[in-house]
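*Asks:* next input, structure requested:
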Amino acid sequence: LFNNLVELGTGEGKSVTLAMTSSILALLGIEVSCACYSDYLSKRDYQEFLPIFSDLGISHLIHYGTFNQLCERVINSEIDIRKGVEGLIRNTPIPTTD
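*Replies:* Below is the predicted model of the structure:
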């Protein structure tokens, strides 16, 4: 599965649908990013379903956050991009994230 997008209207069960879909994908070993415009809604939904994710042993594969937070997580997955650019400018070793 690559680059899928689903749209649900107000009151159509986005939170539950997203949590169930995320759980199924995570159980298959796929890392899932759930993006939302609202930090409040992202945190609320993640906290609401975290007990299920934890019980299934998949919480490490499911990431909720705003579009900005999730993009920054991906960009910084190999190195902290800000520290990497600073290292290039200062000609110092580039630290990796482990």
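
*Asks:* residues of the longest helix along the chain that come out buried?
*Replies:* Assignment by DSSP state H gives helix 39-56 as the longest helix of the chain. Buried residues in helix 39-56, counting neighbours by 16 or more other CB atoms under 10 Å, are found at 42, 45-46, 49, 53. Bear in mind the C-beta positions are built from the backbone N, C-alpha and C, glycine included.

*Asks:* for stretch 77-87, same thing?
*Replies:* For stretch 77-87, by 16+ other CB under 10 Å, it's 80, 84.

*Asks:* quick one: what helix or strand has the nearest residue to Pro93 once chain neighbours are set aside in it?
*Replies:* Leaving out its chain neighbours, the residue that sits closest to Pro93 by CB to CB, 6 or more residues apart in numbering is Gly87, at 6.3 Å. Secondary structure from DSSP states H and E places Gly87 in helix 81-90.

*Asks:* not counting its neighbours along the chain, what's nearest the residue nearest the centre of the chain?
*Replies:* Nearest to the geometric centre of the chain sits His63, at 2.9 Å (CA atoms, centre = their mean). In this structure, His63 finds its nearest non-sequential neighbour in Ser33, 5.0 Å apart by CB to CB, 6+ apart.

*Asks:* name the SS class of the one you found, please.
*Replies:* With DSSP: H, G, I helix; E, B strand; the rest coil as the basis, Ser33 sits in strand.

*Asks:* lovely, talk soon.
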